[in-house]
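S.K.: Provided below for reference: sequence and predicted model.
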Amino acid sequence: MAIKEILLHSAEAIEEQYNAGEYVFREGAIPEYYYQIIEGTLKLNSYNNEGKEFIQNIFTDGSCFGESMLVLGKPYPVNAVALSKCTILKVSRSQFFQLLQKHPDLFAEIYTALADNTFEKQALMRTITTENIEGRLTEIMDLMKESHANRDKFSLEIPYNKQLLASLTGLSIESTAAALQKMEENNVVKIKDKKIFY
């Protein structure tokens, strides 16, 4: 879900630039802003006790992120880290709630976006508990393809590399690479110039 930039600017939005690897916010921080990506790619991640990264979600142009914690006022359970150079609009919590009061239709849009996010999270949790590695990868690619207009075989270029797919599914890079190779042999995916098509 994206709020029109003109509305965000009317709520005194601030535009900020982040380079790849920079944190927009860190786990444990108290939410103070509504964030929306103008341009770039960003991940929400966390680390387990052994330091292994788990990517919760990846967002691109026009996406908002962290809004559920802003609404709840609870500390972030994840980090937000730029994967590429990002331009992000941020609106203070108080200004954001004033914006929602002035434009009640945005409530329904945010509610729908949060419900959709919850659905995807539950589907992802089911996916990462599957023992079959190829099954995990297939399910996550199915989730990505759901919002893709063209459902033909190999019509979707997976926007993530093997490392990101591994982090999204809780797998090692070695297991992910081996599973993708097997999936290519079984004509489930096509790999060309290190790009994965599903």
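M.R.: That came in fine, so what should we check first?
S.K.: Mind giving me the packing neighbours of the worst-scoring helix or strand of the chain on mean pLDDT?
M.R.: One helix or strand of the chain scores below all others by mean pLDDT, DSSP states H and E: helix 105-128, with a mean of 75. Helices and strands touching helix 105-128, as assessed by 3 or more Cβ pairs under 8 Å, 6 or more residues apart in numbering; DSSP states H and E, comprise strand 53-59, helix 67-72, helix 93-102, helix 133-146, helix 162-169. C-betas here are computed from N, CA, C, even on glycine.
S.K.: change it to 10 Å
M.R.: strand 53-59, strand 64-65, helix 67-72, helix 93-102, helix 133-146, helix 162-169 (3 or more Cβ pairs under 10 Å, 6 or more residues apart in numbering; DSSP states H and E).
S.K.: Could you give the bridge partners of the residue nearest to the spatial centre of the chain?
M.R.: The residue lying closest to the centre of the chain (Cα atoms, centre = their mean) is Ile58, at 2.3 Å. Residues in a beta bridge with Ile58, per DSSP bridges, are Lys43.
S.K.: Ser172 reaches Ala178, doesn't it?
M.R.: Yes: in this structure, Ser172 is within contact of Ala178 by Cβ atoms under 10 Å, at 9.4 Å.
S.K.: overlap in contacts of the two?
M.R.: Taking Cβ atoms under 10 Å, 6 or more residues apart in numbering as the contact rule, the neighbours common to Ser172 and Ala178 are Ile133.
S.K.: Okay, domains of the chain per the record?
M.R.: 5-105, 130-197 (automatic domain parsing).
S.K.: I'd like those laid out as TSV, including distance to Asn117.
M.R.: TSV is the format used below for these (distance: least, Cβ to Cβ, whole Å):
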stretch	distance to Asn117
domain 5-105	7
domain 130-197	12
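S.K.: residue contacts, the residue nearest to Leu168 when sequence neighbours are not counted?
M.R.: Once flanking residues are discounted, Leu168 sits nearest to Ile55: 4.8 Å by Cβ to Cβ, 6 or more residues apart in numbering. Neighbouring residues of Ile55 by Cβ under 10 Å, 6+ apart: 43-46, 78, 81, 83, 124, 160, 163-170.
S.K.: Give the PyMOL command for selecting the buried subset of these.
M.R.: Burial among these is assessed by 16 or more other Cβ atoms under 10 Å; the matching PyMOL selection reads:
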select buried, resi 43+44+45+78+81+83+124+160+164+165+166+167+168+169+170
